[in-house]
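K.L.:
Curious how this folds, go ahead:
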Amino acid sequence: MSTGTGTRVDVRIATRAELAVRGVRVDAPVRRPEGAGPSDDGHVLLDGAGAALPRNPASPYTVRDGRVWLGDEDTGVTLTPVRRPRFYDLRTADGVPYEQIARLHGADVLATTVVQTCVRYAEADRCRFCTIEESLRAGATVAAKTPAQLAEVAEAAVRLDGVRQMVMTTGTTAGPDRGARTLARSVRAVLAAVPGLPVQVQCEPPGDLSWIGALREAGATAIGIHAEALDDDVRRRWMPGKSTVPMRDYEAAWDEAVRVFGRNRVSTYLLVGLGEDPEELIAGAGRLIDRGVYPFVVPFRPMGGTLAARDGVGGPSPELLRHVTEGVAAKLRDAGMSGAGQKAGCAACGACSALPAAGG
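P.N.:
Presented below is the predicted three-dimensional model:
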């Protein structure tokens with residue numbers, strides 16, 4: 001396939017970018033309507049690989065006989081919804097459904113937001129793409145998960161449903177550790193119940209960088225320290241509270257995390273569609289790669305409940321997402337880095353991004 005400029009376009013990558021933005025008309029038993037990251041999605045397997053796609057009744061893409069169709073055209077991409085996991089049928093001793101403690105992402109990743117509140121959630125400070133407290137208000141989760149609860153659910157998810165890795169994120173807390181203390185306790189409890197389970201932790205740069213070492217000592221395999229954007233003007237517009245943490249603090253945290261966890265065991269989200277110049281975003285991703293940090297490129301999705309959706313802000317075009325994804329994937333390949341090398345976490349799962357389809 002070629003464009004009007006003569007540039008070759010990989011059909012599979014183009015289709016993956018289209019699906020990431022436009023979604024698909026499909027009933028997915030495993031889904032997450034709101035939360036801390038890209039959501040309002042259904043979890044499926046595309047050509048056997050995990051993908052989290054918007055469930056969009058207005059999408060031009062449909063599923064017939066296990067294949068993705070665009071109108072009357074068979075795209076050649078297979079799609080199978082991820083089955084509802086068995087651990088969702090269980091409850092803790094005090095009656096909390098396991099699904100409110102942690103959820104299945106993709107086919108084999110257990111994910112949880114350990115603290116479902118954030119000190120930056122007041123409207124003046126809130127990240128405009130985030131709905132971390134909306135799932136709490138909807139009764140879909142609990143405000144704080146205990147280490148014992150997380151260990152109980154992780155053991156069941158591994159035993160009953162073949163979960164192979166776990167992601168623990170957290171809303172930012174008021175203390176200087178910014179949530180790392182609770183994450184460390186949770187990692188230790190889970191690994192005591194399921195020794196050897198790869199676990200990624202995610203938090204803001206802690207005020208005291210020694211917490212990064214404490215997370216590694218607790219047993220975390222990888223860490224995500226998410227900036228979402230690299231341009232300060234974009235950061236201030238989209239993340240008024242979070243942008244008060246200067247980019248130099250992120251750089252210091254990334255460097256310390258690479259020192260402690262190792263190259264390609266540290267990642268950061270980069271959201272496409274916030275208004276950042278695409279060439280500068282690709283170049284910035286290249287600088288992250290040079291540091292040993294994996295830039296996890298994901299489309300911004302205007303989820304219900306976000307300030308962005310309230311204000312009518314739309315997501316990126318599939319063409320923009322494809323361009324940035326291919327540019328970043330090329331830099332990752334040149335550096336010999338892949339999401340799979342993270343061993344645990346969003347990049348290792350890859351479901352929310354088109355990077356795996358582009359070879360990143």
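K.L.:
Got the phi and psi for the closest residue to residue 60 other than its chain neighbours?
P.N.:
Residue nearest to residue 60 in three dimensions, not counting chain neighbours: residue 70, with 5.8 Å by C-beta to C-beta, 6 or more residues apart in numbering. For glycine as for every other residue, the C-beta is placed from the backbone atoms N, C-alpha and C. Dihedral pair for residue 70: phi -110, psi 100, per degrees, to the nearest 10.
K.L.:
again with residue 75
P.N.:
As for residue 75, its main-chain torsions (degrees, to the nearest 10) stand at phi -70, psi -10.
K.L.:
Who does the residue lying closest to it once chain neighbours are set aside form a beta bridge with?
P.N.:
By the measure of C-beta to C-beta, 6+ apart, the closest residue to residue 75 outside its immediate chain neighbours is residue 68, 4.7 Å from it. In this entry, residue 68 is beta-bridged to residue 63, by DSSP bridges.
K.L.:
Let me know whether residue 68 touches residue 60 as I believe.
P.N.:
No. Residue 68 lies out of contact with residue 60 (C-beta atoms under 8 Å); the separation is 10.6 Å.
K.L.:
which SS class is residue 313?
P.N.:
coil (DSSP: H, G, I helix; E, B strand; the rest coil).
K.L.:
which residue packs closest to it, ignoring adjacent ones?
P.N.:
Nearest residue to residue 313 in three dimensions, chain neighbours excluded: residue 302, at 5.6 Å (C-beta to C-beta, 6+ apart).
K.L.:
can you check residue 163 too?
P.N.:
residue 157 (4.1 Å).
K.L.:
That neighbour against residue 87, yeah?
P.N.:
Yes. The pair residue 157 and residue 87 qualifies as a contact (C-beta under 8 Å) at a distance of 4.7 Å.
K.L.:
if you count what's nearby, which of these two comes out ahead?
P.N.:
residue 157 (28 against 25; other C-beta atoms under 10 Å).
K.L.:
Tell me which residues touch the more buried one, please.
P.N.:
Residues in contact with residue 157, defined by C-beta atoms under 8 Å, 6 or more residues apart in numbering, are 85, 87, 98, 102, 104, 110, 163.
K.L.:
so which of these is the most crowded?
P.N.:
Ranked by neighbour count (other C-beta under 10 Å), the contacts of residue 157 have residue 110 at the top, with 29 neighbours.
K.L.:
What's the first helix or strand after the least confident helix or strand in the chain by mean pLDDT?
P.N.:
Every helix and strand of the chain was ranked by mean pLDDT, DSSP states H and E. The lowest is strand 31-32, at a mean of 70. Beyond strand 31-32 on the C-terminal side, the first helix or strand identified by DSSP states H and E is strand 41-46.
K.L.:
Right, I'll call it a day here.
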